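1. my questions concern the predicted model and sequence given below.
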Amino acid sequence: MSVRDSQPEVPTWLAAALVALVGLVAIYGILLGGNLFAPIAWLLWLGGIGLSLFVVYLFWRFVLAVELIAEKL
């Protein structure tokens, strides 16, 4: 397996969605004069959920790797 195969690329739609989300928060704060802390708090909350799901995914991959090593022994 080459190094390029083991490094997944970030989908362009995900990067565009993140940029759009940050842009919407900036527009909300600048043009509408709203409270910037509420959307930032939502973004942090969503980021925390995403990070939690990512950690669970990494743990799942770790368990699969350990099972694969145990089968080969």
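-> Perfect, I can see it now.
2. quick check: end-to-end length of stretch 30-44?
-> Stretch 30-44 has its terminal residues 19 Å apart, counting by Cα to Cα, to the nearest Å.
3. output the below-cut-off pLDDT ranges for the chain.
-> Applying pLDDT under 70 to the chain picks out residues 1-8, 34.
4. look up phi and psi at the most centrally placed residue in it.
-> The centroid of the chain falls nearest to G50 when counting by Cα atoms, centre = their mean (5.0 Å). Main-chain dihedrals, G50, degrees, to the nearest 10: phi -60, psi -40.
5. just the helices in the protein please.
-> 3-6, 12-30, 37-72 (DSSP state H).
6. one step back: distance of the residue nearest to the centre of the chain relative to L68?
-> G50 sits 27 Å away from L68, going by Cβ to Cβ, to the nearest Å. Where you see a C-beta, it was placed from the backbone N, CA and C, and this is true even at glycine.
7. kindly report the same for A41.
-> From A41 to L68 the distance is 41 Å (Cβ to Cβ).
8. likewise E9?
-> 24 Å.
9. and for F62?
-> Per Cβ to Cβ, F62 is found 11 Å from L68.
10. could you do W45 as well?
-> In this view, W45 and L68 are 35 Å apart by Cβ to Cβ.
11. spatially nearest residue to L24, not counting backbone neighbours?
-> What sits nearest to L24 in space, not counting adjacent residues and going by Cβ to Cβ, 6 or more residues apart in numbering, is P39, at 7.8 Å.
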